[in-house]
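Asks: model the following, please.
(one chain, ligands or ions: 1)
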Amino acid sequence: MIRFQNVTKRYATGQEALSRVDIQIDRGEMVFLTGHSGAGKSTLMKLIMLMERPSNGHIEIGGRDTSAIRRSGIAHYRRDIGVVFQNHQLLFDRSVFDNVALPLQVAGYQHSDIGRRVRAALDKVGLLHKERVNPVTLSGGEQQRVGIARAVVNKPALVLADEPTGNLDPELSAEIMTLFRQFNELGVTLMIATHDIDLIERMNKRVLQLAEGRVIAGGVPQ
Ligand SMILES: Nc1ncnc2c1ncn2[C@@H]1O[C@H](COP(=O)(O)OP(=O)(O)OP(=O)(O)O)[C@@H](O)[C@H]1O
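Replies: Model prediction:
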């Protein structure tokens, strides 16, 4: 699903955020990404999203050579990747339903299709009864679940999550991880960047560890 071969990312400042990175993540895996602040976790995810391009090396996602994807093809490429952020980036002037519907509207889905898919996604995260409310009235954990519903509404094959439990207490973090695990059991490939070592240990999944832009553990399946 994700293959990096000898990938280096040097920013215009000269900062080398990733150095000669080799990783392989198979379809259907759930992998944690760890490393100190500045180790390169966000850069790795930005390369997968094509928000950044590598300075050197080869990146293949879902069997596609990403270097062959031009600017005009990026929006289409991203439809198959769901993204969850720490600060979930919800729109507080729209309902929960509208927030989750957004990726489908952008992708040009039919109105009736949107309703069905949004409700299915909200149901999966246990928030179907909140579809009409404004997300500002929800708790932090509920807001993050809306963010997850939005990430999966398009049924992406791959979900990337960058510190998805950063603002949540241990109990809510565990709830979010249970949700991710359920999506994984449905066949979704997941990559989750986190500093939360306790959480990772409880999940018993592969841990890909970065340090100063290099993979120091877990780069390939065991
Ligand atoms: N757009 C950019 N321009 C220049 N340098 C950058 C840019 N983005 C990141 N960097 C640098 O690249 C290195 C890796 O950053 P990155 O954000 O990938 O790390 P991270 O592991 O995600 O950190 P954190 O846990 O703090 O989010 C850092 O030294 C950072 O300062």
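Asks: any idea how far the spatially most central residue of the chain lies from the ligand?
Replies: Nearest residue to the geometric centre of the chain (Cα atoms, centre = their mean): residue 160, 1.5 Å. According to Cβ to the nearest ligand atom, to the nearest Å, residue 160 and the ligand sit 12 Å apart. All C-beta spots, glycine's among them, are computed from the backbone N, C-alpha and C.
Asks: what strand or helix carries that residue?
Replies: For residue 160, the host element (DSSP states H and E) is strand 158-162.
Asks: the least confident helix or strand in the chain by mean pLDDT: what's the following helix or strand?
Replies: Lowest on mean pLDDT, DSSP states H and E among the helices and strands of the chain sits helix 197-203, with a mean of 88. Next along the chain after helix 197-203, taking DSSP H and E as the criterion, comes strand 206-211.
Asks: hmm, who's touching that following strand?
Replies: Identification of contacts with strand 206-211 by Cβ atoms under 8 Å, 6 or more residues apart in numbering yields 18, 23, 25, 29-36, 39-41, 44, 200, 215-219, 221-222.
Asks: how about the residues of this protein near the ligand?
Replies: 11, 13, 15, 17, 35, 37-43 (Cβ under 6 Å from any ligand atom).
Asks: doesn't residue 140 make contact with residue 175?
Replies: No. Using Cβ atoms under 8 Å, residue 175 is not in contact with residue 140, being 11.2 Å away.
Asks: low-confidence stretches in the protein?
Replies: Scanning the chain for pLDDT under 70 picks out 88.
Asks: I'd like the distance between residue 176 and residue 68.
Replies: From residue 176 over to residue 68 the distance is 35 Å, taken as Cβ to Cβ, to the nearest Å.
Asks: I misspoke; the intended subject was residue 164.
Replies: Counting by Cβ to Cβ - residue 164 and residue 68 are separated by 30 Å.
Asks: compare these two (neighbour count), which wins?
Replies: residue 164 (27 against 7; other Cβ atoms under 10 Å).
Asks: now do the contacts for the more buried one.
Replies: Listed by Cβ under 8 Å, 6+ apart, the contact set of residue 164 reads 84-86, 144, 147-148, 176, 180, 192, 194.
Asks: distance-wise, check it relative to the ligand.
Replies: Distance from residue 164 to the ligand, by Cβ to the nearest ligand atom: 13 Å.
Asks: and for residue 49?
Replies: Taking Cβ to the nearest ligand atom, one finds residue 49 at 12 Å from the ligand.
Asks: ok, which stretches of this protein are strands?
Replies: Along the chain, counting by DSSP state E, strands occupy 2-10, 16-25, 30-34, 56-61, 64-65, 81-85, 158-162, 189-193, 206-211, 214-217.
Asks: list the contacts of residue 200.
Replies: The neighbourhood of residue 200, defined by Cβ under 8 Å, 6+ apart, consists of 32, 34, 194, 207.
Asks: save the residues you listed as JSON lines, and put in neighbour count too.
Replies: Output for the contacts of residue 200, formatted as JSON lines (neighbours: other Cβ atoms under 10 Å):
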{"residue": "32", "neighbour count": "23"}
{"residue": "34", "neighbour count": "21"}
{"residue": "194", "neighbour count": "22"}
{"residue": "207", "neighbour count": "16"}
